[in-house]
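A.B. asks: Fold the following, please.
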Amino acid sequence: MMKQKKIMLPTVAEAKEFVAVAGKCDFDINVFYNRIIIDAKSILGVLSLDLRKILTVEYDGENEELEAFLNEKAASKYKAA
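C.D. replies: I've put the predicted structure just below:
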């Protein structure tokens, strides 16, 4: 079953950490922003997104480190712009 989480990665350091965590997973992880779909394991792809906006992460797998990271970066924890 596909899972979706809304996150924010407001800094380049957080984007790099996200890609590093995603790279450890043995399943596909995609990041959606508007109509753009990016492979979450691609640092260039993730950095090409507007990091000031809410991103949707979609994945179909289990990884505790990924779940913890996504919960930590949940969009609901940030003030709306």
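A.B. asks: ok, longest helix in this structure?
C.D. replies: If you go by DSSP state H, the chain has its longest helix at helix 12-23.
A.B. asks: May I see the buried residues of that one?
C.D. replies: Judged by neighbour count (16 or more other C-beta atoms under 10 Å), helix 12-23 contains these buried residues: E14, A15, F18, V19, V21, A22. Backbone N, C-alpha and C define where each C-beta goes, glycine included.
A.B. asks: Could you do stretch 69-81 as well?
C.D. replies: F69, L70, K73.
A.B. asks: Name the residues that touch it?
C.D. replies: Stretch 69-81 is contacted from outside by 5-10, 14, 17-18, 21, 52, 54-55, 57, using C-beta atoms under 8 Å, 6 or more residues apart in numbering.
A.B. asks: circling back: now, the buried residues of stretch 69-81 that are in helices?
C.D. replies: Applying DSSP H to the buried residues of stretch 69-81, the entries found in helices are F69, L70.
A.B. asks: mind putting the buried residues of stretch 69-81 in JSON lines, pLDDT and distance to I29 included?
C.D. replies: Formatted as JSON lines, the buried residues of stretch 69-81 follow (pLDDT from 0 to 100; distance: C-beta to C-beta, whole Å):
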{"residue": "F69", "pLDDT": "97", "distance to I29": "11"}
{"residue": "L70", "pLDDT": "97", "distance to I29": "10"}
{"residue": "K73", "pLDDT": "95", "distance to I29": "13"}
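A.B. asks: quick one: which of the buried residues of stretch 69-81 is nearest Y33?
C.D. replies: K73 (14.4 Å; C-beta to C-beta).
A.B. asks: all strands in this protein, in order from the N-terminus.
C.D. replies: Taking DSSP state E, the strands of the chain run over residues 3-7, 29-33, 36-39, 55-59.
A.B. asks: Reformat these into JSON lines and put mean pLDDT, distance to K77 and mean neighbour count next to each item.
C.D. replies: Shown next, in JSON lines, are the strands of the chain (pLDDT from 0 to 100; distance: least, C-beta to C-beta, whole Å; neighbours: other C-beta atoms under 10 Å):
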{"stretch": "strand 3-7", "mean pLDDT": "96", "distance to K77": "9", "mean neighbour count": "15"}
{"stretch": "strand 29-33", "mean pLDDT": "95", "distance to K77": "18", "mean neighbour count": "19"}
{"stretch": "strand 36-39", "mean pLDDT": "95", "distance to K77": "22", "mean neighbour count": "14"}
{"stretch": "strand 55-59", "mean pLDDT": "97", "distance to K77": "14", "mean neighbour count": "19"}
